[in-house]
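Participant: sequence-free structure coming up:
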C-alpha cells in the first residue's frame, strides 16, 4: 500500500491521483478521484474533487481506515517509516561509517 496515496486520505484530503490502478492499493474508488497523467485530465479531476462533500468524505475515509486489514497494514509500518528510522540512527556518524538501510 502506497503511503503517497493513503496518507492524504487518512488526513481527510480529497485525493486526486494519477498513477497505477487504485485497486492495486486496496483503496475504494469513492476515496480517490482518478486522473490520467496530463494537465487537462488533472484539471478535470480537481474540478470533480471540488464537488465532493468533504464531511461525507472524511466519514468514509475514517470508516475505511478502521477496517482490520488496512489498520494492520498501517500499524505494521511503511517503507518511509523504516527509511526515516534508519536515517535517524545514522545521524552523527561519519559519512564513511554510514551503513545502507536493511
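Facilitator: Noted; the coordinates are in hand. No experiment lies behind these values; they were computed from the predicted model shown.

Participant: how about the strands in the chain?
Facilitator: Assigned by DSSP state E, the chain shows strands spanning 15-17, 32-34.

Participant: reformat those strands as TSV; add mean neighbour count.
Facilitator: Any C-beta I mention is one placed from the backbone N, CA and C, and that applies to glycine too. Formatted as TSV, the strands of the chain follow (neighbours: other Cβ atoms under 10 Å):
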stretch	mean neighbour count
strand 15-17	21
strand 32-34	19
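
Participant: what distance do you get for residue 12 to residue 20?
Facilitator: Distance, residue 12 to residue 20, by Cβ to Cβ, to the nearest Å: 23 Å.

Participant: between these two, which has more neighbouring residues?
Facilitator: Taking other Cβ atoms under 10 Å, residue 12 and residue 20 do not tie; residue 12 has more neighbours (14 against 10).

Participant: which residues does the more buried one contact?
Facilitator: Counting by Cβ atoms under 8 Å, 6 or more residues apart in numbering, residue 12 makes contact with 54, 57-58, 61.

Participant: and for residue 49?
Facilitator: 14-16, 33.

Participant: rewinding a little: could you dump the strands of the chain to a markdown table with mean pLDDT and distance to residue 24?
Facilitator: Output for the strands of the chain, formatted as a markdown table (pLDDT from 0 to 100; distance: least, Cβ to Cβ, whole Å):
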| stretch | mean pLDDT | distance to residue 24 |
| --- | --- | --- |
| strand 15-17 | 91 | 12 |
| strand 32-34 | 93 | 12 |
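
Participant: what's the closest of those strands to residue 5?
Facilitator: Among those, strand 15-17 comes nearest to residue 5, with 6.0 Å by Cβ to Cβ.
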